[in-house]
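**Q** Compute the structure for the input listed below.
(one chain, ligands or ions: 1)
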Amino acid sequence: MARIGMFGAGYVGLVTGACFADLGHDVVIRDIIPERIEELRAGIVPIYEPGLDEVLERNKERLRFTLDVRDAVDGAEFLYVAVGTPPTESGDADLSAVWAVIDELPPDVPGRPVVVMKSTVPVGTGAHVRARLDARGLSNVGYVSNPEFLAEGSAVSDFGKPDRIVVGAFDPVDGERVVRLHDGIEGEIVRTDVFSAELVKLAANAFLSTRISFINEIANVCELVGADVVDVARGVGLDHRLGPHFLRAGIGFGGSCFPKDVSALKQLAGNEGYPFMLLHAVWEVNELQKRRVVQKLQKHLGSLRGRRVALLGLAFKPNTDDMREAPSRVIAHRLVAEGAEVRGWDPVAHPTDLTRIEICDSVIDAVRGADAAVIVTEWPELASLASAEVHEAMANPLIVDGRNLLDPAATQAAGFVYEGIGRPRHASPVRPPEPVS
Ligand SMILES: NC(=O)c1ccc[n+]([C@@H]2O[C@H](COP(=O)([O-])OP(=O)(O)OC[C@H]3O[C@@H](n4cnc5c(N)ncnc54)[C@H](O)[C@@H]3O)[C@@H](O)[C@H]2O)c1
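**A** A predicted model of the protein is given here:
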């Protein structure tokens, strides 16, 4: 079994570190936030990720948490980098945390530990890191790109059942060691050079984002021509050449990865003199899609000044508390700008920086006296939103279903005005009574 030093105790570092410990490896997780390390040492999990508590708990013996670089590096055969790479103002990836890790490595690291890059980085980063390690006299340290594909909300099971494990190495022996480290996990191994491994990650996220923007545009066309995007997506997705995934229309993608990676790939291409036009469109469609919620509300309510709107679900997707680039942020700010009074609810995300909206403890609190309720995140709890209790609580029973979670017919039958994304105008279940003959 190997000894792993993990840099970063966020969604990726914590899940990956805990799951490697579950495979029997010894893992030391290092972060720079003292409170985070204290919490982890005290058995408190600082993020919401289903199943993570249990994995951390049952591997207590094989997991340590530290602020000290030496603790993480000493004796480690693998030095995983799982720090954040958020977008800068130019849309490029901010690699300052990655460089901090590389520069913090002690100059006298013995043996041949391998730096394994889990963070999503621009193509070419591995080559720069390699050069920096060599310049620091750390030619004995290997480098492998091993991009992460886990999805928040299912990260623990994704680790155990990955679609693929991409390993890009300068030295095939280092690559082989990283492959062996995954013994016990079933998943196709894709061995590449470092540049290609880096691009696999960006291309995969860009393509998933493209599918979302594509189906959102189809939804917008559906609204104009009276088609139902749910049926259209099903009919399209059953084509085995296309498959059904990421063809769910809604109010756009968010999160810590898709927006940042689309932007990073777009900028990366642009920096090389190539305008990646498709990704410009993917980005623009997504921005407009979030704002369409406001238009839908205005269609029913006219001016939103003084109107009370409940935003239901704030996290960027269900089963996570991650608010990074969540569509709820843009929608909340747009609504406030239109003069609406916004109340938000989420079962796990409790953002403290959305200061201009009131965060409520329950769905009923959020919808009380509301002129409209908007489903922003498809939390399972919201599947029963069209209830008599909610109807009674709202000042005006309008539901804008930003994730097509509800059955339009049943929602309308329950007395609500329903507005989905790309659902047909004629989807009224309240059919006129049959003429009595
Ligand atoms: N979150 C995801 O779903 C996901 C999926 C695939 C890939 N990724 C990529 O993985 C990387 C990490 O993402 P995340 O969501 O886990 O980020 P995160 O922000 O949740 O966690 C990053 C952690 O790194 C810590 N850190 C910063 N500098 C450090 C240093 N010098 N030493 C040790 N720790 C340090 C931070 O304090 C933070 O706790 C990013 O590049 C991201 O694009 C994320």
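**Q** got the residues of the stretch 201-350 of the chain near the ligand?
**A** Counting by Cβ under 6 Å from any ligand atom, the stretch 201-350 of the chain comes close to the ligand at 256, 257. Every residue, glycine included, has its C-beta placed from N, CA and C.
**Q** Tell me where the stretch 201-350 of the chain has strands.
**A** 308-312, 341-345 (DSSP state E, counting those that start in this stretch).
**Q** Out of these, which is the most enclosed?
**A** strand 308-312 (a mean of 29; mean count of other Cβ atoms under 10 Å).
**Q** Need the phi and psi values for the residue minimising distance to the centre of the chain.
**A** Of all residues in the chain, the one closest to the mean position by Cα atoms, centre = their mean is residue 255, 3.8 Å from it. In terms of degrees, to the nearest 10, the main-chain angles of residue 255 are phi 100, psi 180.
**Q** and the nearest residue to it once chain neighbours are set aside, what does it touch?
**A** Closest residue in space to residue 255, ignoring its immediate chain neighbours: residue 316 at 4.1 Å, by Cβ to Cβ, 6 or more residues apart in numbering. Contact partners of residue 316, counting by Cβ atoms under 8 Å, 6 or more residues apart in numbering, are 253, 254, 255, 256, 322, 323, 324, 325, 326, 327, 328, 377.
**Q** just residue 136 next, same as before
**A** 103, 105, 107.
**Q** related to what we said a few turns ago, including mean pLDDT, could the strands of the stretch 201-350 of the chain go into TSV?
**A** Output for the strands of the stretch 201-350 of the chain, formatted as TSV (pLDDT from 0 to 100):
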stretch	mean pLDDT
strand 308-312	98
strand 341-345	98
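**Q** Including distance to residue 120, could those strands go into TSV?
**A** Shown next, in TSV, are these (distance: least, Cβ to Cβ, whole Å):
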stretch	distance to residue 120
strand 308-312	29
strand 341-345	29
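**Q** what's the closest of the contacts of residue 316 to the ligand?
**A** Nearest to the ligand out of those is residue 256 (Cβ to the nearest ligand atom; 4.9 Å).
**Q** That closest one: how many residues sit nearby?
**A** Counted by other Cβ atoms under 10 Å, the residues lying close to residue 256 total 23.
**Q** so it makes contact with residue 321?
**A** No - counting by Cβ atoms under 8 Å, residue 256 sits too far from residue 321 to count as a contact (11.7 Å).
**Q** Distance check, the nearest residue to residue 393 once chain neighbours are set aside against the ligand.
**A** Using Cβ to Cβ, 6+ apart and skipping the chain neighbours, the partner closest in space to residue 393 is residue 368 (4.7 Å). Computed as Cβ to the nearest ligand atom, to the nearest Å, the residue 368 to the ligand distance reads 34 Å.
**Q** circling back: didn't the residue nearest to the centre of the chain look like it was pressed against residue 317?
**A** Yes - assessed by Cβ under 8 Å, residue 255 is found in contact with residue 317 at 6.5 Å.
**Q** Which pLDDT value belongs to the nearest residue to residue 148 once chain neighbours are set aside?
**A** What sits nearest to residue 148 in space, not counting adjacent residues and going by Cβ to Cβ, 6+ apart, is residue 118, at 4.7 Å. Per-residue pLDDT puts residue 118 at 98.
**Q** got it, and the one 5 residues further on?
**A** Per-residue confidence at residue 123 stands at 96 (pLDDT).
**Q** Got phi/psi on it?
**A** The phi/psi pair for residue 123 (degrees, to the nearest 10) is phi -60, psi 130.
**Q** what residues are up against the residue in the stretch 1-150 of the chain that the ligand sits nearest to?
**A** Closest contact between the stretch 1-150 of the chain and the ligand, by Cβ to the nearest ligand atom, is at residue 10 (1.7 Å). Residues near residue 10 by Cβ under 8 Å, 6+ apart: 31, 47, 82, 83, 84.
**Q** do that again at 10 Å, thanks
**A** 31, 33, 36, 46, 47, 82, 83, 84, 119, 256, 322 (Cβ atoms under 10 Å, 6 or more residues apart in numbering).
**Q** ditto for residue 20
**A** Residues near residue 20 by Cβ under 10 Å, 6+ apart: 1-2, 4, 6, 26-27, 29, 59, 62-63, 78, 80, 159, 181-182, 184-185.
**Q** if I look at the nearest residue to residue 237 once chain neighbours are set aside, how far off is residue 196?
**A** Nearest non-adjacent residue to residue 237, counting by Cβ to Cβ, 6+ apart: residue 244, 3.3 Å away. Noted for residue 244: a distance of 28 Å to residue 196, by Cβ to Cβ, to the nearest Å.
**Q** residues of stretch 373-389 that come out buried?
**A** 373, 374, 375, 376, 377, 378, 379, 382, 385, 386 (16 or more other Cβ atoms under 10 Å).
**Q** swap that for stretch 263-275, sorry
**A** Buried residues in stretch 263-275 (16+ other Cβ under 10 Å): 263, 264, 265, 266, 267, 268, 269, 270.
**Q** from those residues, which is closest to the ligand?
**A** residue 264 (8.9 Å).
**Q** Mind pulling the model confidence for that closest one?
**A** For residue 264, the model assigns a pLDDT of 92.
**Q** Go ahead and confirm it touches residue 85.
**A** Yes - the criterion here is Cβ atoms under 10 Å, and residue 264 meets it with residue 85 at 8.0 Å.
**Q** Overlap in contacts, the two.
**A** 92, 93, 94, 120, 121, 122, 257.
**Q** Show the buried residues in those residues.
**A** With neighbours counted by 16+ other Cβ under 10 Å, those contain buried members at 92, 93, 94, 120, 121, 122, 257.
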